[in-house]
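[1] below are the sequence and a predicted model for it; my questions follow.
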Amino acid sequence: MTATASAAYDDESDLVEFDEDQHSTPRRAWVFGIWLVLAGIIGEIAAFALTLEKIEVLKNPDAVLSCNVSVFVQCGKNLESWQGSLFGFPNPIIGLIAWMAPIVVGVAVLAGVRFPRWYWIVFNAGVALAVVFVIWLATQSIFDLNTLCPYCVLTWSITYPTFLAVTFRNMAEGVFGSGAQRAGRALQPWVAPISILIMVIIFVIAQTQFPVVQSLF
């Protein structure tokens with residue numbers, strides 16, 4: 001009787017563990033999908049705002065832009081620099097196109113679409129390229145232009161967590177092999193803290209280069 005009861009208890013424990021995993025996976029997918037949609041929308045808003053500001057500058061070089069908060073917190077200098085049109089056209093156009101991808105993927109995830117492994121790898125590579133581009137823009141803005149563009153900072157603040165969320169999700173789901181699954185699951189709750197730490201480091205570095213805070217008062 002004791003052995004039977006023990007076996008029954010083990011079966012019940014397995015069932016509970018299975019149910020918890022079944023419930024947690026859809027919940028993670030739901031949160032992940034919502035974030036991709038929100039990030040994409042915010043990215044589109046920032047890119048659209050910068051595009052409007054760029055058009056305003058082209059129409060009137062002496063225009064007072066809404067994003068020019070102070071000498072050091074502004075977007076005018078960034079938009080007029082060669083870094084602001086790295087590929088021969090304004091960088092915000094890249095954002096208008098690129099931020100559609102997270103929205104599409106996020107909506108698909110919420111709809112229950114299951115993408116093949118290669119799709120997630122390509123999507124992860126695209127987000128990684130976005131992070132590399134953002135890091136380069138941040139270094140140019142801080143060390144060369146000596147400015148913090150408000151809409152640019154908004155874009156940075158969603159690019160980093162999007163990259164981390166996609167990468168950790170893919171690790172947890174075995175996209176990069178079974179060996180990375182445990183690490184991915186452990187890292188998923190740390191997307192927000194790591195992203196906040198990155199942005200704090202960026203602001204601290206910027207503050208050491210020019211008086212960001214002082215220029216606001």
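    Structure's in. What do you need? Residues are numbered from 1 along each chain as shown.
[2] when you work out contacts or count neighbours from here on, use the C-alpha atoms and nothing else.
    Noted.
[3] just for the chain, where's the confidence low?
    The model of the chain has pLDDT under 70 over residues 1-25.
[4] mind redoing it with 50?
    Scanning the chain for pLDDT under 50 picks out 1-23.
[5] which SS state does V73 fall under?
    Three-state call for V73 (DSSP: H, G, I helix; E, B strand; the rest coil): coil.
[6] where does it fall, phi/psi-wise?
    The phi and psi values for V73, taken as degrees, to the nearest 10, are phi -110, psi 90.
[7] repeat for N146
    N146 adopts backbone torsions of phi 60, psi 50, taken as degrees, to the nearest 10.
[8] tally of neighbours for it?
    22 (other C-alpha atoms under 10 Å).
[9] do the same with G88
    When neighbours are counted by other C-alpha under 10 Å, G88 comes out with 9.
[10] can you check I55 too?
    I55: 13 neighbours (other C-alpha under 10 Å).
[11] cool, and A138?
    A138: 21 surrounding residues under other C-alpha under 10 Å.
[12] where does it land in three-state SS?
    Going by three-state DSSP: A138 is helix.
[13] distance check, it against N146.
    Distance of A138 to N146, computed by C-alpha to C-alpha, to the nearest Å: 10 Å.
[14] then F168?
    33 Å.
[15] hang on, isn't G43 packed against I97?
    No: with contact defined as C-alpha atoms under 8 Å, G43 does not reach I97; the gap is 10.0 Å.
[16] how much space separates F163 from A125?
    9 Å.
[17] pick out whichever of those two has more residues nearby.
    F163 (22 against 15).
[18] for the more buried one, what are its contacts?
    Applying C-alpha atoms under 8 Å, 6 or more residues apart in numbering to F163 gives the contacts N124, V127, A128, V131.
[19] what about 7 Å?
    Residues near F163 by C-alpha atoms under 7 Å, 6 or more residues apart in numbering: V127, A128.
[20] looking at G43 and I97, which is more packed in?
    Per other C-alpha under 10 Å, whichever of G43 and I97 has more neighbours is G43, with 28 against 11.
[21] assign L65 to helix, strand or coil.
    coil.
[22] could you do I103 as well?
    Look at I103: counting by three-state DSSP, its state is helix.
[23] isn't it up against G40?
    Yes: applying C-alpha atoms under 7 Å, one finds I103 in contact with G40, separated by 5.1 Å.
[24] and those two? Which one has more around it.
    G40 (27 against 22).
[25] mind checking how far the more buried one is from P61?
    30 Å.
[26] show me the contacts for N124.
    Taking C-alpha under 7 Å, 6+ apart, one finds V166, T167 in contact with N124.
[27] quick one: it from L145, how far?
    In terms of C-alpha to C-alpha, N124 sits 30 Å off from L145.
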